[in-house]
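Trainee: predicted model follows, preceded by the sequence.
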Amino acid sequence: MGVYSKPALFALLSVVLILVGTFVTTILPIYLPTTQPVSSYIKPYTAVELEGRDIYIREGCNNCHTQTVRPLRTEVARYGEYSKPEEFAYDRPHLWGSRRTGPDLARVGGKYPDSWHYQHLYDPASISPVSNMPAYGWLAGRRLDTGYTFRKVSVLGYGYTRQEVEQQIAAYMERVTAPDYAARDVRNRVTPPELRDTLTEMDALVAYLQKLGRDVKELEKSRRAAMLDKTIGMSEVR
Amino acid sequence: MRESVQDYSVVRGFAYSALFWLVIGLVVGLWLAAEMFYPKLNLTPWLSFGRLRVVHTNGLAFGFALAGIFSCTYYMLQRLTRTPIVFPRLAKFHLYLFNAAIALAALSLFAGMNTSKEYAELEWPLDVVVVIMWVVFAVNVFATLARRREKQMYISLWYIIAMTVTVAVLYIVNNLSVPVNLFKSYPIYAGVNDANVQWWYGHNAVGFVFTVPILAMFYYFLPKTVNLPIYSHRLSIISFWSLVFAYLWTGAHHLMLTPVPEWIQTVAIAFSIFLIAPSWGSVVNGYYTMRGNWELMKTNYLTKFFIVGITFYGLQTIQGPTQGLRTLTAFFHYTDYVVGHVHMGTMGWVTMIISAALYYMIQEMNKTEVFSVRLANLHFYLILAGQLLYTVTMWIAGIQQGAMWKATNPDGSLTYSFIETVASLYPYWKIRFAGGLVYFLGIVVFIYNFIMTGRASKRTALDAGMKTA
Ligand code: HEM
Ligand code: HEM
């Protein structure tokens, strides 16, 4: 009877059927502007932040942490402004996650100073005694491999030249190794002596964590400032 | 009889592979469960939770479940077409390639080579191997179907065809990426699109690995076990086509209240609710097949695996659509409730059916009786008890977690800090570990019983002076 005795036709029919839903819900949206809004306030990751992001992926932090604040009152109260599509324009892959064993991290940038992150990654229980987050002290014992960084940003199309990538790396290294770096004490405590003058994987990860939600927070800040200026009758900022 | 020509060596090979990866995946799962309340177990980088969780999910979904699926598929295919596998050497190659791929997958995931996309974590070189493996499998499926001696394709073959073509489409589309080097690549999709494509894949990986082929087994092995025809052919036709059509629309129920366009979420929920119908079509078909013969639940040890298994499938397909509804997802999304959902499906439905199918096949292939019905019963009750302890605990934990995240004081401020919610879950995580242990014991009993059944038949065969294949 019909297709039930024609395997090839049956397979073809199945493919056609599955492609209908696939096309409408998955392929079509790729070409809709709503899924790829671009906003000038969202900046791509710097070379070091990108390396940090790759360490986040390698260690599977996304298995315990989400990166999307939902538009729910309690969630906004807990984490901050809810997530918008344009924030993820540079995220390949997305890291929204499906399980929240630890808190959402979409707004963690700027929430704590760098020193907090070094201490927390080194030993989470020293900050929250009941935390079940693994200790990542060993990340400070690994030199950051920047051999592929330029290739990575090229694949991702961030538009940096090789020189810019090198500059970004050098600048960040200078920042964290400077004598007046605010997190110097903790960083030196968790980093083995031979790596203190260079970039470690933990440095990159901290850079990445500090980037999360930063652009949104800055936009909010400038908006608030603009509003304040208006109310006191000053000329527009920016 | 023509049956003697049939080649069961790959069926056996995949069956033992399934058991091997099951043990590995469960040991990793237990370790993972213990890390949740005893984080000191994150002893080394490769044992840290973030890496280990991926080994657990891949090891069980692709090591255990897929091996079980391949084993049963090669068996059902030969039986239902009354034709031996057309390319037996290719099937052997499939077996070796599969195990090599899973072993490399486990090693690379331990090492942190991980794309972060759930159930698609393997880096691109392994993706290529997986695609080759799938083509090798598909060639045998379609070649054997083409040569079949049975004109009509039975229901199970429909599900096998649907799985074979759909998994290929899903896997390739979601894994499209640009390599940076041998160990690292970035997907071609960004942000919202990446999430949308990923969960179109993620949900349908569940659909076409944990549902469709398991239904193929159910439709074949239940009637065989109870020796009764399936209740309604027409119902199975309707269930099949509507399931295959509707599944692909529902991925975004994993992305509720995220920045994915709202209409995609709404469509996903509508189709998720619709999915109850075809899912229950199979459940009802199974129940009615038993009509008037329910005493088999007591007298035939295998029957209860199938009936209890399909019952969990039924519960799963009601729980799934409801937890996707906007109000409920706001509460349950990201909590342990979903972990409960996952494990009712995997420990209740998938393992129940696969283990019963393996029992059935080893007896048929070796022309013997199961080593011990009592052990099989013990296996059944242990995995049932372990699973229930696990899932019920996680549902309660999820409700508590959701409630604590939402709780506010009269002035509108949050009642609980995040870490307070974590602290409150420790007791549940310990009970879950206990449930996992009970379940694991059941699986150990199963494997012992299975291996002894395989051996016993060899002995009787030798006694009778015959040679077994
Ligand atoms: C001894 C039995 C088992 C134990 C102790 C166990 C433990 C766990 C744990 C602790 C997690 C992580 C949950 C979280 O992040 O909060 C998990 C996730 C998972 N497990 Fe298991 N598991 C077991 C059996 C199984 C089986 C048999 C399968 C599949 C055939 C399976 C498939 C999965 C999947 C797919 C996830 C990911 C869930 C998600 O992302 O929401 N598990 N398991
Ligand atoms: C009609 C059928 C089903 C529907 C509509 C459904 C719906 C859902 C929904 C909405 C979620 C996401 C929950 C959240 O993250 O908030 C989910 C997760 C999941 N479901 Fe189902 N479900 C169904 C059947 C099944 C079956 C039969 C299995 C078999 C084991 C299963 C396995 C899973 C897994 C593994 C996840 C976790 C995915 C992840 O986050 O990693 N589901 N399901």
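Mentor: Alright, I've got the coordinates. Ligands and ions are numbered 1, 2, ... in the order given.
Trainee: mind listing what's buried along the one helix or strand residue B:91 maps to?
Mentor: Secondary structure assignment for residue B:91, by DSSP states H and E: helix B:88-110. Residues of helix B:88-110 classed as buried: B:90-91, B:94-95, B:97-99, B:101-102, B:105-106, B:108-110 (neighbour count, 16 or more other C-beta atoms under 10 Å in any protein chain shown). No exception for glycine: its C-beta is placed from N, CA and C like everyone else's.
Trainee: I'd like the next helix or strand past that helix.
Mentor: Per DSSP H and E, the first helix or strand lying C-terminal to helix B:88-110 is helix B:124-146.
Trainee: and that next one, does that touch chain A?
Mentor: Yes - using C-beta under 8 Å from any C-beta of the partner chain, helix B:124-146 reaches chain A at B:142, B:145-146.
Trainee: can you pull the buried residues of that helix?
Mentor: Across helix B:124-146, burial judged by 16+ other C-beta under 10 Å covers B:124, B:126-127, B:129-130, B:133-134, B:136-138, B:140-142, B:144-145.
Trainee: for the helix holding residue B:91, the distance to its chain's centre please.
Mentor: Relative to the mean C-alpha coordinate of its chain, helix B:88-110 is positioned 18 Å out (C-alpha atoms, centre = their mean, to the nearest Å).
Trainee: interface residues of chain A facing ligand 2?
Mentor: residue A:98 (C-beta under 6 Å from any ligand atom).
Trainee: quick one: contacts for the residue most central in space within chain A?
Mentor: Chain A has residue A:212 as the residue nearest its centroid, 5.1 Å off, counting by C-alpha atoms, centre = their mean. Residues counted as contacts of residue A:212 (C-beta atoms under 8 Å, 6 or more residues apart in numbering or on different chains) are A:67, A:105-109.
Trainee: do you know the pLDDT at the residue lying farthest from the centre of chain B?
Mentor: Here chain B has its C-alpha centre computed as a mean, and the residue farthest from that point, by C-alpha atoms, centre = their mean, is residue B:411 with 46.3 Å. We note a pLDDT of 93 for residue B:411 in this prediction.
Trainee: stretch B:319-333 and ligand 2 in contact?
Mentor: Yes - applying C-beta under 6 Å from any ligand atom, one finds stretch B:319-333 touching ligand 2 at B:320-321, B:323-324, B:329, B:332-333.
Trainee: those: which two are farthest apart?
Mentor: Within those, B:321 and B:333 form the most distant pair, 14.1 Å apart (C-beta to C-beta).
Trainee: leaving aside the residues next to it on the chain, what's closest to whichever residue of chain A sits closest to ligand 1?
Mentor: Going by C-beta to the nearest ligand atom, ligand 1 is nearest to residue A:99 of chain A, at 4.6 Å. For residue A:99, ignoring the flanking residues on the chain, the nearest one in space by C-beta to C-beta, 6 or more residues apart in numbering or on different chains is residue B:334 at 5.9 Å.
Trainee: need the longest helix for chain A.
Mentor: With secondary structure taken from DSSP state H, chain A has its longest helix at helix A:214-231.
Trainee: what residues sit buried inside that one?
Mentor: A:214-217.
Trainee: how many neighbours does residue B:449 have?
Mentor: When counting by other C-beta atoms under 10 Å in any protein chain shown, one arrives at 22 neighbours for residue B:449.
Trainee: with residue A:208 instead?
Mentor: A total of 24 residues lie near residue A:208 under the criterion other C-beta under 10 Å.
Trainee: in terms of helices and strands, where is it?
Mentor: Assigned by DSSP H and E, residue A:208 belongs to helix A:201-211.
Trainee: per-residue pLDDT, residue 82?
Mentor: Went with chain A since none was named. The model reports residue A:82 with a pLDDT of 95.
Trainee: could you do chain B instead?
Mentor: The model's pLDDT for residue B:82 equals 95.
Trainee: what's the spacing between it and residue A:44?
Mentor: Distance, residue B:82 to residue A:44, using C-beta to C-beta, to the nearest Å: 60 Å.
Trainee: please name the residues that touch the closest residue to residue B:197 other than its chain neighbours.
Mentor: Counting by C-beta to C-beta, 6+ apart, residue B:197 lies nearest to residue B:189, which is 5.2 Å off, once chain neighbours are set aside. Residue B:189 makes contact with A:30, A:92-93, B:176, B:197, according to C-beta under 8 Å, 6+ apart.
Trainee: ok so, going back, now check the longest helix of chain A, is it near chain B?
Mentor: No - contact of helix A:214-231 with chain B is not found when judged by C-beta under 8 Å from any C-beta; the minimum separation is 12.2 Å.
Trainee: for the residue nearest to the spatial centre of chain B, give me its contacts.
Mentor: Residue closest to the average C-alpha location in chain B (C-alpha atoms, centre = their mean): residue B:210, at 3.5 Å. By C-beta under 8 Å, 6+ apart, the contact list for residue B:210 reads B:61, B:65, B:345-346, B:349-350.
Trainee: how many other residues sit next to the closest residue to ligand 1 within the stretch 351-469 of chain B?
Mentor: Residue nearest to ligand 1 within the stretch 351-469 of chain B: residue B:436 (2.8 Å; C-beta to the nearest ligand atom). Residue B:436 is flanked by 22 other residues according to other C-beta under 10 Å.
Trainee: angles on the backbone of it, please.
Mentor: Residue B:436 adopts backbone torsions of phi -60, psi -40, taken as degrees, to the nearest 10.
Trainee: got a list of what it touches?
Mentor: Residue B:436 makes contact with B:26, B:29-30, B:33, B:386, B:390, according to C-beta under 8 Å, 6+ apart.
Trainee: what number of residues lie near the closest residue to residue B:415 other than its chain neighbours?
Mentor: What sits nearest to residue B:415 in space, not counting adjacent residues and going by C-beta to C-beta, 6+ apart, is residue B:407, at 3.9 Å. When neighbours are defined as other C-beta under 10 Å, residue B:407 has 12 of them.
Trainee: likewise residue A:27?
Mentor: Residue A:27 has 15 nearby residues by other C-beta under 10 Å.
Trainee: repeat for residue A:197
Mentor: Neighbour tally, residue A:197, other C-beta under 10 Å: 10.
Trainee: now do it against chain B, distance only.
Mentor: In this view, residue A:197 and chain B are 24 Å apart by C-beta to the nearest C-beta, to the nearest Å.
Trainee: ok, now which ones touch the residue nearest to that residue when sequence neighbours are not counted?
Mentor: Spatial nearest neighbour of residue A:197, excluding adjacent residues (C-beta to C-beta, 6+ apart): residue A:177 at 5.4 Å. Residue A:177 makes contacts with A:196-198, as judged by C-beta under 8 Å, 6+ apart.
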